[in-house]
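The following block contains a protein sequence and its predicted model.
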Amino acid sequence: MTDPRPTERPILGLVESRFHLDGAVLLAAAVLLGIGAYYRSTVIMEARTVEALSGGVTVSIPAGWFSEERDGVFEAELPVPGVEGPRVRIERFDGNPNDEVLRAEVDAARTGRGSLHRDLFSESRSVGGDHGVEWVHSAWVVEGGGLSHDEGRVPLVMRGIDFLIRRPSSVFWVSVTWPHAEEFEGPLAEMVERMEFHR
């Protein structure tokens, strides 16, 4: 009769090495999660000044806001659990686009935000060093954009401001949106009013 123990030892060794490998993977995952949490809490969530869109705009991001730049669009957003939160979106159009074509494109994007879109009023405001900038105020409804209810998610009324900033080599479209129940004030208003456009 052969002794089964010689064949058992390699199997035990395989189990032990597999245990060490799994432990190493778990440890690495825990370290990465810790680094990610630290990064989010100390870098992403702190107040900061961002040079975005190839140096075309300077934005002061309030504490607690996320921001990212992708494909010629910069966005900053305050995460609000369960609902759409305040958001600032800046898109850059290089060159000197035709005024009518650009406004038609902007209007099409604005009216596609949600149902019952309405322009409310316009006013002349200052943004950074630019004076007499036309701000267009609007409102619309986002179906299912509000908090959950027993019968589903409720519609959410949103407010928005849109304006264009012109520079010799480009045009910037700034779109600001926030829930209607809130006012355009505090960090959101300060961020928009202090933007600086360079080129």
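Okay, I see it.

Now the phi/psi pair for residue 101, please.
The phi/psi pair for residue 101 (degrees, to the nearest 10) reads phi -60, psi -40.

I meant residue 53, not that one.
Torsion angles, degrees, to the nearest 10, at residue 53: phi 50, psi 60.

got the contact list for it?
Applying Cβ atoms under 8 Å, 6 or more residues apart in numbering to residue 53 gives the contacts 69, 72, 74, 90, 92, 172. The C-beta positions use only the backbone N, C-alpha and C, and glycine is treated the same way.

For those residues, which single residue is the most surrounded?
The most crowded member of the contacts of residue 53, judged by other Cβ atoms under 10 Å, is residue 90 (24 neighbours).

is the residue found closest to residue 67 once you drop the neighbours it is linked to in the chain in a bridge, and if so with what?
Nearest residue to residue 67, sequence neighbours excluded (Cβ to Cβ, 6 or more residues apart in numbering): residue 76, at 4.2 Å. Beta bridges link residue 76 to residue 67, residue 88, judged by DSSP bridges.

Distance of residue 76 relative to residue 52?
9 Å (Cβ to Cβ, to the nearest Å).

Find residues that contact each of the two.
59, 67.

Walk me through the domains of this structure.
Annotated domains of the chain cover 1-44, 47-197 [automatic domain parsing].

quick one, which of those domains is packed in tightest?
Highest mean neighbour count of these: domain 47-197, a mean of 15 (counted as mean count of other Cβ atoms under 10 Å).
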